[in-house]
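Undergrad: generate a structure from the sequence data that follows.
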Amino acid sequence: MPKPPAKTARRKKPPRLSPAEQARIAEIFHRFESLESDPRTELEYKDAYTLVVAVALSAQATDVSVNKATAKLFEVADTPEAMLALGEHGLKPFISSIGLFNTKAKNVIAMARILVEQYGGRVPLDRAALQALPGVGRKTASVVLNELRVEPAIAVDTHVFRVSHRLGLSTGKTPDAVELELMGKIPEPLLTRAHHWLILHGRYTCIARRPKCEECPVADLCPSRHLFIGR
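TA: Reported below is the predicted structural model:
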């Protein structure tokens, strides 16, 4: 059954924020920018195709585990044609260390077949077409489009969800709700990089159990710091 049409990326009408709150949010991201001006995914890739495969494989898996698997995989299959020739049976040994590898192998091969048959072996960098590929949902498409600087998008994973709430950037209860709030609140010139800043902050500083508030560059701007400092 074909997937329903993908939702187009939206920039929500900015909420009515006080000047002080606008300044606080801008300062948070300007501080992130001062630490890393051009943040990128930690997944290793060569081009749009290897990026979309790596992101699809990373669902419920760490970037480290995916990079270990794709380092060998992309040596033998770094194009849709080569992946299709490898086949599902041939692909599985390369990604067997990654969670849900059976389903992912099926999707990667199905994706390769569509890219070869319908797109001449090229990855369509249109959100609707990208999200229609097997194994590619809204979050995966957002990561790809944002990483390639095609579209300012924010993929809300567990890190972005957690950090957004702790920093008072969102009160949304679902990833889609958080995405809409962030797209409306973050200054537009910073949107293409905000996704990675939030992920990196959540991965290395604002970690789940015991955030490193004493090392946090935006601790003084965080409304949640009193919950953790001094614990």
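
Undergrad: count of neighbours near the closest residue to Arg166 other than its chain neighbours?
TA: Spatial nearest neighbour of Arg166, excluding adjacent residues (Cβ to Cβ, 6 or more residues apart in numbering): Ser224 at 4.3 Å. For glycine as for every other residue, the C-beta is placed from the backbone atoms N, C-alpha and C. The number of residues packed near Ser224 is 16, by other Cβ atoms under 10 Å.

Undergrad: who's in contact with Ser224?
TA: Contacts for Ser224 (Cβ atoms under 8 Å, 6 or more residues apart in numbering) come out as His165, Arg166, Leu167, Gly168.

Undergrad: now Val218: how far from Val52?
TA: Separation of Val218 from Val52 (Cβ to Cβ, to the nearest Å): 32 Å.

Undergrad: more neighbours, these two?
TA: Val52 (28 against 20).

Undergrad: residues in contact with that one?
TA: Met111, Val123, Leu130, Leu133, Val136, Thr140, Val144.

Undergrad: now Ala77
TA: By Cβ under 8 Å, 6+ apart, the residues touching Ala77 are Met83, Ala85, Leu86, Leu91.

Undergrad: one step back: make TSV out of the contacts of Ser224 and add secondary structure and neighbour count.
TA: Below are these laid out as TSV (DSSP: H, G, I helix; E, B strand; the rest coil; neighbours: other Cβ atoms under 10 Å):
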residue	secondary structure	neighbour count
His165	helix	16
Arg166	helix	21
Leu167	coil	21
Gly168	coil	16
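
Undergrad: could you export these as CSV, including pLDDT and distance to Thr174?
TA: Shown next, in CSV, are those (pLDDT from 0 to 100; distance: Cβ to Cβ, whole Å):
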residue, pLDDT, distance to Thr174
His165, 97, 12
Arg166, 97, 17
Leu167, 98, 18
Gly168, 97, 18
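
Undergrad: of these, just say which sits nearest to Leu17.
TA: Closest approach to Leu17 among the contacts of Ser224 (Cβ to Cβ): Gly168, at 11.0 Å.

Undergrad: that closest one against Val218, yeah?
TA: No. Using Cβ atoms under 8 Å, Gly168 makes no contact with Val218, being 10.8 Å away.

Undergrad: so how far is Ile199 from Thr193?
TA: Just to correct that, residue 193 is Arg rather than Thr. For Arg193 relative to Ile199 (Cβ to Cβ), the value is 11 Å.

Undergrad: contact partners for Val160?
TA: Contacts of Val160 (Cβ under 8 Å, 6+ apart): Ile154, Val178, Leu182, His195, Leu198, Ile199, Gly202.

Undergrad: per-residue confidence for Pro187?
TA: Among the per-residue scores, Pro187 holds a pLDDT of 88.

Undergrad: I should have written Lys3 there, sorry.
TA: Lys3 is given a pLDDT of 50.

Undergrad: contact partners of the longest helix along the chain?
TA: Using DSSP state H, we find that the single longest helix of the chain is helix 101-119. The contact list for helix 101-119 (Cβ under 8 Å, 6+ apart) reads 49, 52-53, 56-57, 59, 80-81, 83-84, 86-88, 91-92, 95, 98, 121-123, 129, 133-136.

Undergrad: all helices of this protein, in order?
TA: Going by DSSP H, the chain shows helices at 19-35, 48-57, 63-76, 80-95, 101-119, 127-131, 138-147, 158-166, 175-185, 191-204.

Undergrad: mind listing what's buried in the longest one?
TA: Of the residues in helix 101-119, those buried under the neighbour-count criterion (16 or more other Cβ atoms under 10 Å) are Phe101, Lys104, Ala105, Asn107, Val108, Ile109, Met111, Ala112, Ile114, Leu115, Val116.
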